[in-house]
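1. Turn this into a structure:
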Amino acid sequence: MTSAVLPGSFDPFTRGHRYVVERAARCFDELVVTVVVNPNKRGMFDVDERLDLIRHDCADLPNVRVDKWRGLLVDYLTQNGIHAIVKGLRSSVDFDYELPMAQMNRELADVETMFLLTDPSYAHVSSSLVKEVAKLGGDVRPFLSEHIHDRLQAVLAGERQV
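-> Residues are numbered from 1 along each chain as shown. Predicted coordinates for the structure are as follows:
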């Protein structure tokens with residue numbers, strides 16, 4: 001069985017993320033969307049909320065599993081017998097950022113990284129930008145599933161319910 005990990009913070013999980021997940025899921029028997037925990041960052045959604053949101057949005061993809069990890073990503077792959085990472089790229093800026101990590105991961109654990117280009121209509125979308133626009137009252141519906149948009153609005157309104 002071929003498996004791959006698609007890591008990220010996914011705060012929040014956008015339509016651009018979903019597009020990459022769909023494409024990657026066609027390439028592997030199992031795709032593990034992995035929320036990588038950065039203890040130095042406080043997200044809008046806590047890790048468990050992100051896991052639930054991604055599970056909800058990917059429920060129709062039978063070979064997609066959602067997990068979390070704290071630490072070196074290659075340690076997660078080694079522990080789970082996975083040898084491939086999938087990264088979505090929006091632009092050459094993403095490539096320049098991701099390339100050294102891909103090379104390091106290959107050197108550390110003989111892990112290959114597969115780069116997938118996002119749909120051009122999502123090339124400008126990032127979780128950070130979506131949060132910033134939403135906080136300022138902008139309409140971010142085109143960039144999020146309805147479920148995640150509703151949760152984002154609830155968080156902005158001060159309601160925390162999972």
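
2. Could you give me the buried positions within the helix ranked longest in the chain?
-> In terms of residue count, the longest helix belonging to the chain (DSSP state H) is helix 92-109. Under the neighbour-count criterion of 16 or more other Cβ atoms under 10 Å, helix 92-109 has 94, 98, 102, 105, 109 buried. (Glycine included, C-beta is placed from N, CA and C.)

3. next one: stretch 3-15
-> 3-15.

4. Over to stretch 147-162?
-> Within stretch 147-162, the residues that count as buried by 16+ other Cβ under 10 Å are 148-149, 151-152, 155.

5. of these, closest to residue 29?
-> residue 148 (26.7 Å; Cβ to Cβ).

6. For that closest one, give me its contacts.
-> The contact partners of residue 148, by Cβ atoms under 8 Å, 6 or more residues apart in numbering, come to 12-14, 53, 57.

7. Take the residues you listed and write them to a markdown table, including distance to residue 33.
-> Formatted as a markdown table, the contacts of residue 148 follow (distance: Cβ to Cβ, whole Å):
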| residue | distance to residue 33 |
| --- | --- |
| 12 | 13 |
| 13 | 8 |
| 14 | 13 |
| 53 | 11 |
| 57 | 10 |
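
8. and those residues, which of them are in helices?
-> The members of those that map onto helices under DSSP H are 53, 57.
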